[in-house]
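J.: 3D, please:
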Amino acid sequence: MRKIGFLAGMLGVVAVLSFTLFNVFNHDIPSLKCKAFSRTTIDVENGALVFSLAESLQLYNKEGMMQYEGYVNSPNGKTYLERTVYLSQGVKVDKTTYTYKIDKIASSPLDTTPDETFNQMWLENTSDNQSVTLSLKEIRKNMFTFSSPYSPQFTCVVY
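T.: Predicted coordinates:
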């Protein structure tokens, strides 16, 4: 009888330890560097905005950055876009979803795109400039779909 109690106790300890270890290791955000090229058209009141961009996503556990570089065609003409969104305090929400605090959005000195135009594209990722939720799903080895709750964004390849 004592052996059964001892074995049941040991089994309980192993179960609790396994559950704890699974939860601790399951909450890490993987490091990832991937790049994609996209062409997006957004209809606005006075015409269409066409974004032709190279997009880079870099995640380093709880920090990261999103970089956008390319051209924007608008009714007002063609502009150059080069912006970096700095992320911190990443938290894993579920198996493929992560939320980050937006530290800042920095423009390159070469960027000639008005903030209002950039914000039209940026609103596809988040409703504010405080946080962003990203969903990453591996569709093939080293290939991910990246999306936000508001819209699908792009398919990127790890580099």
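J.: so residue 138 sits right up against residue 144, yeah?
T.: Yes. Between residue 138 and residue 144 there is a contact at 5.4 Å, judged by C-beta atoms under 8 Å. C-beta here means a position set from N, CA and C on the backbone, and glycine is covered the same way.
J.: skip the chain neighbours and tell me the closest residue to residue 63.
T.: residue 88 (5.2 Å; C-beta to C-beta, 6 or more residues apart in numbering).
J.: which SSE is the one you found in?
T.: strand 77-92 (DSSP states H and E).
J.: pLDDT below threshold where in the chain?
T.: Applying pLDDT under 70 to the chain picks out residues 1-28, 152-153.
J.: tell me the SS of the residue sitting nearest the centre point of the chain?
T.: Central residue of the chain (C-alpha atoms, centre = their mean): residue 134, 3.7 Å from the mean position. Assigned by DSSP: H, G, I helix; E, B strand; the rest coil, the conformation of residue 134 is strand.
J.: for residue 69, see how far away it is.
T.: Residue 134 sits 19 Å away from residue 69, going by C-beta to C-beta, to the nearest Å.
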